[in-house]
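> kindly generate the corresponding structure for this input.
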Amino acid sequence: MIKQESRAYFKALGAHVTVLRKSRGMTQAELARAIGVSQQAVFAYELGDRRISVLVLAKLARIFSTPVGDLVGLSKQVRERKGRLSPRCIRHAERLQALSKTQQRFVVRIIDVLEDSNGRRGYAR
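A predicted model of the protein is given here:
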């Protein structure tokens, strides 16, 4: 059982994991398989009912291509953008949202593979 003073932190961390998972178009079961835990564990992490171990945090950081510090709230939460999204990027995002969840996951995985091949995601590994 998590102490009361830690509950708010783990609830916020779980909410952040939920947002990252959904932004990737992943289900709880898919994330569970990727990090080697049960779907019920992911459910408990996202609710803040269960602590996330350091090993699981490292796996989540790799999967979501984010530094562990950003994931746990030690780094700056919102990074300033150098500029706004171009109209073309906005149109692509709107087109992506119009796709089914399965198609969205497929497109995101293609982007991930392209980023991996260009070495852009290596900092969190």
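
> contacts, neighbours, all on C-alpha from now
Noted.

> tell me the centre residue of the protein?
Per Cα atoms, centre = their mean, the C-alpha nearest to the average position across the chain is that of residue 20, at 2.8 Å.

> tell me which element that residue falls in.
helix 4-23 (DSSP states H and E).

> give the buried residues for that helix.
Of all the residues in helix 4-23, those buried under the rule 16 or more other Cα atoms under 10 Å are 7, 10-18, 20-21.

> could you do stretch 68-75 as well?
68, 71-72.

> what of stretch 45-58?
Neighbour-count burial for stretch 45-58 flags 45-52, 57-58 (criterion: 16+ other Cα under 10 Å).

> need the CA coordinates for it. CSV is fine.
The C-alpha trace of stretch 45-58 is given here as CSV (Å, rounded to 0.1, in the frame of the first residue of the first chain):
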residue,chain,number,x,y,z
TYR,A,45,0.4,2.3,-12.4
GLU,A,46,-1.9,4.6,-14.4
LEU,A,47,-4.3,5.0,-11.4
GLY,A,48,-1.4,5.6,-9.1
ASP,A,49,-2.3,2.6,-7.0
ARG,A,50,1.0,0.9,-7.6
ARG,A,51,4.6,2.2,-7.5
ILE,A,52,6.6,2.1,-10.7
SER,A,53,10.0,0.5,-10.2
VAL,A,54,13.2,2.1,-11.5
LEU,A,55,13.5,-0.8,-14.0
VAL,A,56,10.0,-0.2,-15.3
LEU,A,57,10.7,3.6,-15.5
ALA,A,58,13.7,2.9,-17.7
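
> pLDDT of that stretch, averaged?
In this model, stretch 45-58 carries a mean pLDDT of 92.

> show me where this protein has helices.
Counting by DSSP state H, the segments of the chain that form helices are 4-23, 28-35, 39-47, 54-63, 68-72, 87-98, 101-117.

> quick one, domains of this protein?
4-72, 87-124 (automatic domain parsing).

> of all the buried residues of stretch 45-58, which comes closest to residue 38?
Sorting these by distance to residue 38 puts residue 45 at the head of the list, at 10.8 Å, by Cα to Cα.
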